[in-house]
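[1] compute the structure for the input listed below.
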Amino acid sequence: IIPKIIWIVTSKDLIINPDQRSSHSESIPTMAGFSFFLALVILVFFLKSWDTEFVSINLVAGLTIIFAIGLKDDLVLASPKAKLVAEAIAILFLLFCNCMQVPSLDGFLGLYNIPMAISFAFMVIMLLTIINAYNLIDGIDGLAAIVGMVIFSIYALIFYDTALYFYFLLCIGLIGILGAYLFYNFSESNKIFMGDTGSLIIGFCIGFFTLKFMAMDVSLFSHFTFNPENKLIVVAAILCIPIFDLLRVMGVRLLKGQSPFYPDRNHIHHVLLDSGLSHTKAALLLGFTNYMLVILLIYLSSLFNSFQMLVVIAVVFGSFLLVFFKLTENIKIKNAIKILEVGK
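    Numbers count the residues shown, from 1 in each chain. Here you go, the predicted model:
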C-alpha cells in the first residue's frame, strides 16, 4: 500500500515542507498511517475468530476516530484541543467493553477497588498520555517504529504467556506493519513518514494493549514473577522512553515559561542527533535502552512493593535527566566554540 500512498501524495502535491525543527532538509511524503489503518482493519477481520471477548468492534470504532483526526492533522492541521477531544472519544469506545474496564489497582500504593467513575477518568488520562507521548517521539527516521516494535513485542510475550491469543496475534501483526513501514522509512529513494495519522494510530494501539494489561484478572499474573500491585510500574517500564521524553520536554518548556505544547528541538532524539549520532544509531540506542529498562524494572518489580518501586522509578528518571542535562550542556559548549571560530 505504501508505494501507492507515496505516488498519490507526490502527484497531488500533498507533501509538507520541512520547518526549522525538522531533521531533514528535503520534502518527504507523509501519511504512511493510511496504510496502517487499512492493514489493521483487515488484520482484525482475520483475527475475529480469536476474539472471544468481542472487543474488535470497539477497537475498530476507536481506530476510525483516531484515523479521522490524524488524517485531518496531516492535511490541514488540527488544533491540540480537537485532537485531545477526538482521542478521548476513541478511548471511551474501548472502555464501553466490559473486558477493558479496570475496577481495581490490585494493591498499588495500598489501593484495591476504585469507583468506576474514577477508574474511567484515570484510564482516559493515562491513555491520552500514552498516545501523545508516542506521537512526540516520531521525530527521526526509525525511532517511532523501533520503539513501537519493542513495546508490541513485550506485550506479545505477556499475552502469549496468559493465553490471550487475540491480543498476542494483534501485537505480532502490528510488529509486521511497523517492520514493513521501517523498510520505506529508512529508504533513500522511497522514503515516507508515518505522519500524525500513523503515530496516533500506533499510540492508540499501545494504549489499547496497556488498558487490557491493566484490566487482566489478577489470577493470570501467576505466570509472571512481578507482583500484581506493580502493574502500573510495569506499564511505566514498557513505555519508559516515550513517557520520559514527554515529561522531560514539558518540564523544560514550563521552566522556560512556554506552553507545554510549544514545538521545539528539546526531544531526546534531537539531543542525540545534535550530539553526533545518526538517525539509525539514535533510534537503535533508544530502542535498546527501552528493552533493557523493561527487563531491569520487571525483575525489580518481583522483589519490591509498589512504594519501593516508585523510589526506583524516581532514581532511574533522575539518572536519565542527569545524562541528558550533561549532553545538552556539551552541545551548548560545542555551539559556542563554533560561533567563536566563525567570528575569528
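[2] any idea how far the longest strand along the chain is from the chain center?
    For the chain, the strand that runs over the most residues, judged by DSSP state E, is strand 104-108. A distance of 24 Å separates the centroid of the chain from that of strand 104-108, by Cα atoms, centre = their mean, to the nearest Å.
[3] mind giving me the packing neighbours of the helix or strand just after it?
    Counting by DSSP states H and E, the next helix or strand C-terminal to strand 104-108 is strand 111-113. Strand 111-113 sits against strand 104-108, with contacts defined as 3 or more Cβ pairs under 8 Å, 6 or more residues apart in numbering; DSSP states H and E. (Each C-beta comes from the backbone N, C-alpha and C, glycine too.)
[4] ok, the strand it packs on: who's next to it in the sheet?
    Strand pairing for strand 104-108, determined by DSSP bridges: strand 111-113 (antiparallel).
[5] if we can go back for a sec, what residues sit buried inside the longest strand of the chain?
    The neighbour-count criterion (16 or more other Cβ atoms under 10 Å) identifies Ser104, Leu105, Asp106, Gly107, Phe108 as the buried residues of strand 104-108.
[6] what pLDDT, on average, does that strand get?
    Strand 104-108 carries an average pLDDT of 89.
[7] now stretch 242-250
    Rounded mean pLDDT across stretch 242-250 is 90.
[8] buried residues in it?
    Under the neighbour-count rule (16+ other Cβ under 10 Å), stretch 242-250 has Pro242, Ile243, Phe244, Asp245, Leu246, Arg248, Val249, Met250 buried.
[9] my read: the first one touches Thr129, true?
    No. Between Pro242 and Thr129 no contact is recorded; they are 9.1 Å apart, counting by Cβ atoms under 8 Å.
[10] Leu303: what secondary structure?
    Secondary structure, DSSP: H, G, I helix; E, B strand; the rest coil: Leu303 is coil.
[11] count of residues packed around it?
    Using other Cβ atoms under 10 Å, Leu303 has 13 other residues around it.
[12] quick one: it and Ala237, what's the gap?
    In this view, Leu303 and Ala237 are 14 Å apart by Cβ to Cβ, to the nearest Å.
[13] give me the distance between Ile89 and Lys83.
    On the measure of Cβ to Cβ, Ile89 and Lys83 end up 11 Å apart.
[14] which residue is the nearest non-sequential neighbour of the most centrally placed residue in the chain?
    For the chain, the residue nearest the mean C-alpha position is Tyr134 (2.8 Å; Cα atoms, centre = their mean). Excluding the flanking residues, the one nearest Tyr134 by Cβ to Cβ, 6 or more residues apart in numbering is Gly203, at 3.5 Å.
[15] state which helix of this structure is the longest.
    The helix that spans the most residues within the chain, counting by DSSP state H, is helix 306-343.
[16] any idea how far it is from the middle of the chain?
    Remark: helix 306-343 is offset 22 Å from the chain centroid, using Cα atoms, centre = their mean.
[17] kindly report the same for stretch 88-107.
    When distances are taken as Cα atoms, centre = their mean, stretch 88-107 is centred 19 Å away from the chain's centroid.
[18] still on that earlier bit, Leu284: which of the buried residues of strand 104-108 is nearest?
    Relative to Leu284, the closest of the buried residues of strand 104-108 is Phe108; by Cβ to Cβ it sits at 32.9 Å.
[19] measure the closest one to Phe288 for me?
    For Phe108, the distance to Phe288 - Cβ to Cβ - is 28 Å.
[20] could you pull up phi and psi at Phe96?
    Here is the backbone geometry of Phe96 (degrees, to the nearest 10): phi -70, psi -10.
[21] tally of neighbours for it?
    14.
[22] how far away is the closest residue in space to it that isn't next to it in sequence from Phe320?
    Among residues not flanking Phe96 along the chain, Asn58 sits closest, at 6.2 Å (Cβ to Cβ, 6+ apart). According to Cβ to Cβ, Asn58 and Phe320 sit 35 Å apart.
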